[in-house]
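1. Need coordinates for the below:
(2 chains)
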Amino acid sequence: MWYKSLICLTWILGLSTISFAQQAGRQPSVQFPQVVQLVGKPLPDISILNSEGKPLSTADLRGQHTVLVFGCLT
Amino acid sequence: METVAVDYRKKGVGFYYIYKALAHPEHNGYVQPFNIQERLLHVAEAKRTLGSSIEWICDNMQNEFKQALGGAPNSQFVIDPDGKIISASSWSNPTGLRETLAALVGEVAPPTTIAELGLKPLPPPRLAATGVIARPQMPSSMRAILVKPLPSLEPYYVKLRAEVDSGFMQEGLGWLYLGFHLDPLLGVHWNNLAPPLEFSIETPEGLCIASSRGLAPVVKTEADADPREFLLGLEWDSKILSRAEFNQAELILVVNYYACHDNGWCKPFKQRYHIQLVPDRNAGSVRSRGRSGGGFRNR
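-> The predicted structure is shown next:
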């Protein structure tokens, strides 16, 4: 049974990758100063897709306060 | 992030995850998609595995949205109703985000806890056996280069990743890595009852490669999911191929392989690539390469 626990632990660790940086006080050492410098600037107008593959513009994200978080499977 | 989203949607705040290129290909077996349809498969997989309530949107294949917003892999932004960026972080930080949103639209108390959400994340796809083929010892400081799959009637069930080492980029003498990786989202495995993967590669004059052909090892198990990897010496003669020509140079690779789908079919494939010796900023970096497979991938 020990290996099932190991598998489970590995799985949990794997799933937590996307939120690794979200732990308070555990910010990665690599910083991107160009990101912070974007404050005060308008969101660039770029063609993207919704999750069903339909075209969307970043301008469609206006109209309310909106949180955007970049991520991926790994 | 999930708890922040649950709490602040009630106050009219929208939440989106933006899917872009993989930061660390090979983790859990995932590889970079070659087209937008395959990236949408990644989005569906992210929704499935994370069990998140946050809506995903998908950056284009040029990753223009990510690059326009600073190029960080896990950055976080708050925009106001007029589309102005009012908060930006290099890395996602839900604690800081909660404070920012409290200042903008008011505090939510008590905050929702993760346990209250009952999220149901699911594991990555099960793969065929891994750890069957020893992986090459890689030189340090490898860098991914541009790989362009040429039009194919069939999906690229096996995807090429190409890298060169810093020695080659700086001095014109070094290593070319060619890795042929199964795409776990396309549901295939190697058919080891058929001949192993083989490739041929053509280089322009002035670029000398140690071997213009490669043949993967014969594997005794019927099926596996290990990458087929090759490390080839590569030398650039700048007297024959100028820097400008080097930057435009294309290596032409043709690969033949046999794969079987988990649904039962087995087929031969012949697919072609152009490789350019220029860095690919969207290729991500591979972690833990060279170690044998482990964890749940070997179930």
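
2. can you map out the strands along chain A?
-> A:47-50, A:55-57, A:66-71 (DSSP state E).

3. Adding mean pLDDT and distance to residue B:215, write those out as JSON lines.
-> All C-beta spots, glycine's among them, are computed from the backbone N, C-alpha and C. Shown next, in JSON lines, are the strands of chain A (pLDDT from 0 to 100; distance: least, Cβ to Cβ, whole Å):
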{"stretch": "strand A:47-50", "mean pLDDT": "93", "distance to residue B:215": "40"}
{"stretch": "strand A:55-57", "mean pLDDT": "91", "distance to residue B:215": "44"}
{"stretch": "strand A:66-71", "mean pLDDT": "95", "distance to residue B:215": "39"}
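
4. What segments of chain B are helices?
-> In chain B, the segments counted as helices under DSSP state H are B:2-9, B:36-50, B:64-68, B:94-105, B:114-117, B:166-171, B:243-248.

5. Can you say which of the strands of chain A is nearest to residue B:204?
-> Closest approach to residue B:204 among the strands of chain A (Cβ to Cβ): strand A:47-50, 35.0 Å.

6. Show me what that closest one is packed up against.
-> Judged by 3 or more Cβ pairs under 8 Å, 6 or more residues apart in numbering or on different chains; DSSP states H and E, strand A:47-50 is in contact with strand A:55-57, strand B:55-58.

7. pLDDT weak spots in the chain?
-> You didn't say which chain, so I picked chain A. A:1-29 (pLDDT under 70).

8. Sorry, I should have been clearer: chain B.
-> Where chain B drops into low confidence, which here means pLDDT under 70, it does so at B:289-299.

9. returning to that earlier point: point out the most buried one among the helices and strands packed on strand A:47-50.
-> With neighbours taken as mean count of other Cβ atoms under 10 Å in any protein chain shown, the helices and strands packed on strand A:47-50 reach their highest mean count in strand B:55-58, at a mean of 19.

10. quick one: strands adjacent to that strand?
-> strand A:47-50 (antiparallel), strand B:14-19 (parallel) (DSSP bridges).

11. Serialize the helices and strands packed on strand A:47-50 to JSON lines and add fields for distance to residue B:135.
-> Shown next, in JSON lines, are those (distance: least, Cβ to Cβ, whole Å):
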{"stretch": "strand A:55-57", "distance to residue B:135": "40"}
{"stretch": "strand B:55-58", "distance to residue B:135": "31"}
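
12. Relative to residue B:103, which of those is closest?
-> Going by Cβ to Cβ, the one of the helices and strands packed on strand A:47-50 nearest residue B:103 is strand B:55-58, 24.0 Å.

13. Check what contacts that closest one and list those residues.
-> With Cβ atoms under 8 Å, 6 or more residues apart in numbering or on different chains as the test, strand B:55-58 has contacts from A:48-51, A:53, A:56, B:15-19, B:36, B:39-40, B:43, B:46-47.

14. ok, and for stretch B:162-177, which residues are buried?
-> Neighbour counts using 16 or more other Cβ atoms under 10 Å in any protein chain shown place B:162-165, B:168-169, B:172, B:174-177 of stretch B:162-177 among the buried residues.

15. dump the residue contacts of residue B:203.
-> Contact partners of residue B:203, counting by Cβ under 8 Å, 6+ apart, are B:209, B:212, B:249, B:251.

16. Over to residue B:170?
-> Applying Cβ under 8 Å, 6+ apart, no residues contact residue B:170.

17. Please tell me how far it sits from residue B:141.
-> For residue B:170, the distance to residue B:141 equals 10 Å [Cβ to Cβ, to the nearest Å].

18. cool, and residue B:222?
-> 37 Å.

19. Could you do residue A:64 as well?
-> In terms of Cβ to Cβ, residue A:64 sits 45 Å off from residue B:141.

20. And the contacts of strand B:55-58, which of them are buried?
-> A:48-51, A:56, B:15-19, B:39-40, B:43, B:46-47.

21. Which member of those residues is positioned nearest residue B:201?
-> Nearest member of the buried ones among the contacts of strand B:55-58 to residue B:201, counting by Cβ to Cβ, is residue B:39, at 27.0 Å.

22. Not including adjacent chain positions, what is the nearest residue to the closest one?
-> Leaving out its chain neighbours, the residue that sits closest to residue B:39 by Cβ to Cβ, 6 or more residues apart in numbering or on different chains is residue B:33, at 4.4 Å.

23. Tell me how many other residues crowd the one you found.
-> For residue B:33, the neighbour count with other Cβ atoms under 10 Å in any protein chain shown is 22.

24. how near is the residue most central in space within chain B to chain A?
-> Taking Cα atoms, centre = their mean, the centroid of chain B lies closest to residue B:32, which sits 2.9 Å from it. According to Cβ to the nearest Cβ, to the nearest Å, residue B:32 and chain A sit 10 Å apart.

25. Contact partners for that residue?
-> So residue B:32 contacts B:21-22, B:25, B:159, B:161, B:282-284 (Cβ under 8 Å, 6+ apart).
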